[in-house]
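Participant: Build me a model:
(chains A and B)
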Amino acid sequence: MQLHAAQFPILSSILLCCLAGLIIVLLLPPNRDTAVKWVSAVCAGITLVISIYLFAAYDRSLGGMQFVERIDWIPSLGISWFNGVDGFGVPMLLLTGIVFFTGVLSMWELKDRVKEFFALFLFLVLGVFGMFVALDLFFIFVWFDVSLLPMYLLIVIWGSTAREYGAMKLTLYLLLGSALILPGIVYLVAVSGLKTFAIPELMRQADFSGFEQKLAFLLFYIGFGILAGIWPFHTWSPPGHVAAPTGVSMLHAGVLMKIGAFGILRVGMFLCPEGWIYWAPLMALLATIGIVYGALVGLRQTDLKFVIGYSSVSHMGIVGLGFATMTVDGVNGAVFQMFAHGVMTALFFSAVGHIYDRTHTKEIGELGGLSRVMPVASGYFIFAALTGIGIPCLASFWAELLVFIAAFRVYPVYAFIAVTVLVINALFILRVVQRTCFGPLDERWAHLKDMTFGLGLPRMLLVAVIVVFGLMPFLMYNVIQTSSIPLINGLTGLQGITGLLSGLP
Amino acid sequence: MTNWTLFVPELYTLAMAGVFFFRTLGGPRPQQDYAIALIMSAVGLSLAVWAVGSEGILFNDVYRVDLYSQVFKVLVYIGFFLAVCLCGDLSGVDENRHSEFYLLLAICTLAMMLLVSCVHLLAIYIALELSSYSLYVLVYLRKGSEKGLESALKYFIIGAASSAVMLFGFALLYGSGQSAYLADLVAELPGRIREPVVLIGFLLALSGFFFKLAVFPFHFWAPDVYEGAPHQVSSYIATASKVAAIAVLMRMVALSGGASDRLAWFLIVLSVISMTVGNLAAIAQKDLKRLLAFSSVAHAGYVMIGILSLNALGYSSAVFYGLSLLIMKFTCFLIVVKASEGGRNIDISQLAGLHKRAPVLALALLLALFGLAGIPPTIGFTAKLLIFTAAMKQGLLWLVFIAMLNVVISLYYYLQVLKAAYFIEPAEPAPAIAVSMPIKLLALLLIASMLYFGIYPQQVITLAGAMTGGIL
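Facilitator: Here you go, the predicted model:
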């Protein structure tokens, strides 16, 4: 067993980098918009480099928790600054780094209240990174809320369609989620009788009864699940996505919804495995309804962002279905899907955002023939659509394949329904692509210029990521299974799932 | 032998009241009054801080000086000092009355300092009445409207009624325990808490403090008084007065010995109704001060959760909650004072464009509102976490649920305020708010403390634990 405690605190340095960026942006004098953007971009670049390094440096042969750092924080309550990443956390950090960097670049043209926007943006990302590295329930909750807080202002100030309604609905729904999570956390800590909020210690030492696990898991499942867009708690998500500005939609659909799924995994499944087993059939049912509902409701939408919003609900259902199978393949697929969907949605929103900035409409009916005037911009849009419908050799394909292989074994009926509906949905998405990018060109769009190289840069990065992990899925698969195998094997083994914690003292 | 050094902060405050008494005899010199009040309250605050750590018993065991009382005195004094800081623009009070204003504020502070130290029923009663009477007059001092008179009258009537009820409760407790000393009562009463007369005595006796804290059903004065009083007085009522009420309420509840289910049940019911009523009523408010009043009612409900947990963690979390309320509510009132013109009341919609007119104040407001809503990483979240942990230790899972649902409800109206400050642009261009350097520094200090205690509360928790260890 190798201890990493004495290492350079690399996880904290990601958080500190975001915090430093935030403080610098706040201290910059007003009207220094370019400087604000550069500070944010540099900060995002550094976090991206660190997250790529972590992805490369994570020791696949050891597995378990790595890059662990721990300092006592509030000893009288047993709260500690306790960070570490495992095979589930590393892909999420990489995802966040990518979406953060491309998100900043996608907002490069912003002119209105730039300083405030990027300050809130950095604050949000700080919360997201924190959530993915924290191993202490107190900090998990803190980061969870830190990542939600800025959403309200980000949407209400810089958003578009029905932004006040969308922002308020989103905030209240997500905070309702945290209203379930906090009692769940406090409940588990109180019944454990231990003076600690640290997940590893609760996993090893606390002996939660079946009832306690079932109750707490339900709280976490619904609480985090609201953010993960689980049907029927998803209704905040499409209006929220539609109202949000491009960079925020990217982060939101790309990363924030993953926080929800990650919370279910990290808190719910790690601490309450019996609850997970007990509620898995319900999870599978809700996930399948989510897949079907998101896909079918998406068919009726005329607003491009609503189309993506509902497809997100559908794709997040695939994540839920993967978790519900309780198999190695299913969990691998679910986590892979979290990553793949994050990158894909970011590209989707980024492409649509660009089109919207130029044409000021997101109505499918009003667009048409864009590929003639904006071949590059439409190219990204088409590519995102193809990834979304799961074309082979793109990242999403492998993720969905794994989930459905597992699901056909465990829940054949659900899997059959879900796959059928997704095929129908794919046809529809192709029709959307056809109507917006091909066909007769509207006069109004004839003067539009295509995307410049600089603006195309973030989209290229996203495309590259999708292709790389589509061609070499084992890169991601190797990492995820270092944690998914101990998790699933632990469910039946005598040791429990503490095998996940190898590497921790 | 009376050791008078233990009594220095109180004597000093009395002297301060004396100074302003003599100043009432001369003509109006508002600027001078303000300067003197500021300096004297600052000195008083440092005296109160200096007195932390002294211990002793005075006046035939009626008055106890210990860590618990001394820290609360510091908190009360902070509330007083901050309220005086807001008096640079005391346009809500007639110029001729400024010295009276400071005189009454000093007396009220003195009364609250006495209140947190008294360990005798009669002394508690006298201190409570002294503080209430000065507040009745302070509320009335609002210039040029009948609002002040109306709200002062309302305050007085409800206050007098709850005092009467409380006195009746004291009589019952005295009759059952054969003593008015809390030290004697705590030896006698816990074993007899199941007797109806003792239980009813407790509930009636607590009503006086429920009134101060604005707990349902004694909260009806709050919206009118907050709205009708000068801003500085509202701020004082929302901060210093609440902290003192928490201190003495905790002492009285601790008297029950911590093993009473029935008493806890009554308190749970009051707490749930308080937070629900407060939050639901706040949604409908247009006037910012009325909104803050209803939010105070809701927060009284949250504080009660800590107190009714009847365990060490619960008491120390209530202390922490008191500190957090002090900081957050004062921050809101700082914005009320600065954003309003000529001491008039301010509607939520009038905050429009605050982020441009005064960026620092807008940021402070943002943090204070998120804090009041109990969202990390602010002090308000840590306070709520502590309280919920204490309640959960008593197995009150469902109470925590109700409280968290209330948090979500409250977020709605806090966000409305925030939306006005950050999103809505004023109909006609409003000039920037002149924020002087000291006020800017004060706002930054408040921002820093809201974040610091939210992220790193260890020291305060340790202190609160040490304080409440010897609560009786």
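Participant: How about the helix or strand that contains residue B:198, which residues are buried there?
Facilitator: Residue B:198 belongs to helix B:196-213 when assigned by DSSP states H and E. Judged by neighbour count (16 or more other CB atoms under 10 Å in any protein chain shown), helix B:196-213 contains these buried residues: B:198-199, B:201-213. (Glycine included, C-beta is placed from N, CA and C.)
Participant: ok, and the closest non-adjacent residue to residue A:248?
Facilitator: Taking CB to CB, 6 or more residues apart in numbering or on different chains as the measure, residue A:248 lies nearest to residue A:154, with 4.7 Å between them; neighbours along the chain are not counted.
Participant: so who does the one you found touch?
Facilitator: Taking CB atoms under 8 Å, 6 or more residues apart in numbering or on different chains, we find residue A:154 in contact with A:117, A:120-121, A:124, A:244-245, A:248.
Participant: By neighbours, which of the residues you listed wins?
Facilitator: Each of those was scored by neighbours using other CB atoms under 10 Å in any protein chain shown; the highest score is residue A:244's, at 30 neighbours.
Participant: Helix or strand for the closest residue to it other than its chain neighbours, just tell me which one.
Facilitator: The spatial neighbour of residue A:244 that comes closest, neighbours along the chain excluded (CB to CB, 6+ apart), is residue A:155 at 4.8 Å. For residue A:155, the element it lies in under DSSP H and E is helix A:137-158.
Participant: With residue B:103 instead?
Facilitator: Residue B:103 is located in helix B:98-117, with elements delineated by DSSP H and E.
Participant: again, but for residue B:218
Facilitator: Assigned by DSSP H and E, residue B:218 belongs to neither a helix nor a strand.
Participant: To what extent is it buried, counted in neighbours?
Facilitator: Neighbour count of residue B:218, defined by other CB under 10 Å: 25.
Participant: same deal with residue B:31?
Facilitator: Counted with other CB under 10 Å, the burial measure for residue B:31 works out to 10 neighbours.
Participant: Excluding chain neighbours, what is closest to residue 394?
Facilitator: Using chain A here. Taking CB to CB, 6+ apart as the measure, residue A:394 lies nearest to residue A:470, with 4.0 Å between them; neighbours along the chain are not counted.
Participant: meant chain B actually
Facilitator: residue B:309 (5.1 Å).
Participant: got a list of what that neighbour touches?
Facilitator: By CB under 8 Å, 6+ apart, the contact set of residue B:309 is B:317, B:387, B:390-391, B:393-394, B:396.
Participant: Quick check: of those residues, which lies closest to residue A:381?
Facilitator: residue B:387 (50.0 Å; CB to CB).
Participant: Contact partners for residue 45?
Facilitator: Answering for chain A, as no chain was given. Listed by CB under 8 Å, 6+ apart, the contact partners of residue A:45 are residue A:101.
Participant: I was thinking of chain B, sorry if that wasn't clear
Facilitator: Taking CB under 8 Å, 6+ apart as the definition of contact, the neighbours of residue B:45 are B:74, B:77-78, B:80-81.
Participant: Could you do residue A:307 as well?
Facilitator: Under the criterion of CB under 8 Å, 6+ apart, the neighbours of residue A:307 are A:298, A:301, A:364, A:429, A:432.
Participant: residues in chain B within reach of chain A, list them.
Facilitator: Taking CB under 8 Å from any CB of the partner chain, the part of chain B that reaches chain A is made up of B:355, B:370, B:375-377, B:381, B:385-386, B:388-389, B:392-393, B:397, B:400-401, B:404-405, B:407-408, B:411-412, B:415, B:418-419, B:422-423, B:456-458, B:461-462, B:465.
Participant: If burial is judged by neighbour count, which of these pass?
Facilitator: When burial is judged by neighbour count using 16+ other CB under 10 Å, the buried members of the residues of chain B next to chain A are B:355, B:370, B:375-377, B:381, B:385-386, B:388-389, B:392-393, B:397, B:400-401, B:404-405, B:407-408, B:411-412, B:415, B:418-419, B:422-423, B:457, B:461, B:465.
Participant: can I assume residue A:487 is in contact with residue A:498?
Facilitator: No - with contact defined as CB atoms under 8 Å, residue A:487 does not reach residue A:498; the gap is 10.5 Å.
Participant: Taking helix B:98-117 as reference, get the angle to whichever helix or strand comes after the helix holding residue B:103.
Facilitator: Remark: after helix B:98-117, the chain's next helix or strand is helix B:121-140, criterion DSSP H and E. Angle, helix B:121-140 to helix B:98-117, by axes from the mean of the first three to the mean of the last three CA atoms, to 10 degrees: 150 degrees.
Participant: Quick one: list the elements packing against helix B:121-140.
Facilitator: Packing partners of helix B:121-140 (3 or more CB pairs under 8 Å, 6 or more residues apart in numbering or on different chains; DSSP states H and E): helix B:98-117, helix B:146-177, helix B:196-213, helix B:231-236, helix B:242-254.
Participant: The same query, at a cut-off of 10 Å, please.
Facilitator: helix B:98-117, helix B:146-177, helix B:182-188, helix B:196-213, helix B:221-228, helix B:231-236, helix B:242-254 (3 or more CB pairs under 10 Å, 6 or more residues apart in numbering or on different chains; DSSP states H and E).
Participant: Just send these back as a markdown table, with mean pLDDT too.
Facilitator: Shown next, in a markdown table, are these (pLDDT from 0 to 100):
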| stretch | mean pLDDT |
| --- | --- |
| helix B:98-117 | 89 |
| helix B:146-177 | 86 |
| helix B:182-188 | 78 |
| helix B:196-213 | 86 |
| helix B:221-228 | 86 |
| helix B:231-236 | 88 |
| helix B:242-254 | 87 |
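Participant: Just say which of those helices is most tucked in.
Facilitator: Of all the helices and strands packed on helix B:121-140, helix B:231-236 carries the top mean neighbour count, a mean of 29, counting by mean count of other CB atoms under 10 Å in any protein chain shown.
Participant: pull the CA atoms of that helix into PDB?
Facilitator: What follows is the C-alpha trace of helix B:231-236 in PDB, where atoms were taken according to Å, rounded to 0.1, in the frame of the first residue of the first chain:
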ATOM      1  CA  HIS B 231     -33.600  52.100  10.800                       C
ATOM      2  CA  GLN B 232     -30.900  52.200  13.400                       C
ATOM      3  CA  VAL B 233     -33.400  51.000  16.100                       C
ATOM      4  CA  SER B 234     -34.700  48.200  13.800                       C
ATOM      5  CA  SER B 235     -31.100  47.100  13.400                       C
ATOM      6  CA  TYR B 236     -30.600  47.200  17.100                       C
END
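Participant: mind showing which ranges of the stretch 1-150 of chain A have poor pLDDT?
Facilitator: Counting by pLDDT under 70, the stretch 1-150 of chain A has low-confidence residues at A:1-6.
Participant: Around chain B, pick out the residues from it.
Facilitator: By CB under 10 Å from any CB of the partner chain, the residues of the stretch 1-150 of chain A that approach chain B are A:26, A:30, A:72-77, A:79, A:113, A:115-116, A:119, A:126-127, A:130, A:138-139, A:141-146, A:148-149.
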